[in-house]
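Q: can't give you the sequence, but here's the structure:
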């Protein structure tokens, strides 16, 4: 069965610090990978996604993620965080040829101090 | 920008009562999903729905749960007899097409509290 692990439960950074949030998945076949963000009081929004091709994916708001197949990882990065990046971040996977069901990690809460 | 909406934002109910959570998906989307997140736990898939029938459901989605698209705009999740462990945030999502290679757009969620 598919599963997703996010290693960091809560990350606290100062503005301008670099960010890397870990995501590992468990699945033997081809996967699609997603990062969603949930700002306080708002709904889940897609940050970026990987289906195929270049394993380095650029998303909105300066975020990027790298798919490393050998490590079953899809870590999220941002070189310089802002206070407005304070949110909860969710990694998710699904299978390309199946029904679209998303399997989520447990989420990482990011707090950015001004 | 079109978005998924959900009502109510917070529902409090007594154990054993029926609740209906409502969602209005993006208007031209055809595929609909319900997920839930128990406090402190992962977002979990419940069910997917297309062409007026369930496409896939999880083990969580037992006989107490049902989904319906009663008209051209609403998509509802009904819990027939709520239990304490049904307390969670319930998210509706929709996408323009089925399959993994499609973005799902999420609603803001309904927080269900069962007393």
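A: Received the coordinates, thanks. The model shown is predicted, which means the values in this text are computed figures rather than measured ones.
Q: Just give the nearest non-adjacent residue to the residue nearest to the spatial centre of chain A, would you?
A: Note on chain A: the residue nearest the mean C-alpha position is residue A:35, at 3.4 Å, using Cα atoms, centre = their mean. Of all residues not flanking residue A:35 in the chain, residue A:47 sits nearest, at 4.3 Å (Cβ to Cβ, 6 or more residues apart in numbering or on different chains). Where C-beta positions appear, they are placed from N, C-alpha and C, glycine not excepted.
Q: do residue B:36 as well
A: Counting by Cβ to Cβ, 6+ apart, the residue nearest residue B:36 is residue B:88, at 4.4 Å.
Q: just residue A:14 next, same as before
A: Excluding the flanking residues, the one nearest residue A:14 by Cβ to Cβ, 6+ apart is residue A:113, at 5.1 Å.
Q: so the residue nearest to residue A:35 touches residue A:38, yeah?
A: No. Counting by Cβ atoms under 8 Å, residue A:47 does not reach residue A:38; the two are 10.3 Å apart.
Q: between these two, what contacts are shared?
A: The contact sets of residue A:47 and residue A:38 overlap at residue A:89 (Cβ atoms under 8 Å, 6 or more residues apart in numbering or on different chains).
Q: ok, back up a step: just to check, the residue nearest to residue A:14 is in contact with residue A:16?
A: No. Using Cβ under 8 Å, residue A:113 makes no contact with residue A:16, being 10.6 Å away.
Q: so what pLDDT did the residue nearest the centre of chain B get?
A: What sits nearest the mean C-alpha location of chain B, by Cα atoms, centre = their mean, is residue B:34, with 3.1 Å. Here the pLDDT value assigned to residue B:34 is 97.
Q: so who does residue A:63 touch?
A: A:35, A:47, A:48, A:76, A:77, A:78.
Q: And the closest residue in space to residue B:29 that isn't next to it in sequence, its phi and psi?
A: Nearest residue to residue B:29, sequence neighbours excluded (Cβ to Cβ, 6+ apart): residue B:94, at 3.9 Å. Here is the backbone geometry of residue B:94 (degrees, to the nearest 10): phi -140, psi 160.
Q: who's in contact with residue B:94?
A: Residue B:94 makes contact with B:4, B:23, B:25, B:26, B:29, B:31, B:32, B:33, B:75, B:104, B:105, according to Cβ under 8 Å, 6+ apart.
Q: And for the fifth one, the neighbour number?
A: Neighbour count of residue B:29, defined by other Cβ atoms under 10 Å in any protein chain shown: 18.
Q: Up against chain B, what does chain A have?
A: Residues of chain A lying near chain B by Cβ under 8 Å from any Cβ of the partner chain: A:4, A:31-32, A:36, A:42-46, A:49, A:51, A:90, A:92, A:94-107.
Q: Any of those buried? List them.
A: Burial by neighbour count, 16 or more other Cβ atoms under 10 Å in any protein chain shown: within the residues of chain A next to chain B this picks out A:4, A:31-32, A:36, A:43-46, A:49, A:90, A:92, A:94-95, A:99-107.
Q: Would stretch B:1-11 count as contacting chain A?
A: Yes. Interface with chain A: stretch B:1-11 contributes B:3, B:4 (Cβ under 8 Å from any Cβ).
Q: Poorly predicted segments of the chain, please.
A: If you meant another chain, say so; for now it's chain A. Scanning chain A for pLDDT under 70 picks out A:97-98.
Q: Sorry, I should have been clearer: chain B.
A: Along chain B, segments meeting pLDDT under 70 span B:98-101.
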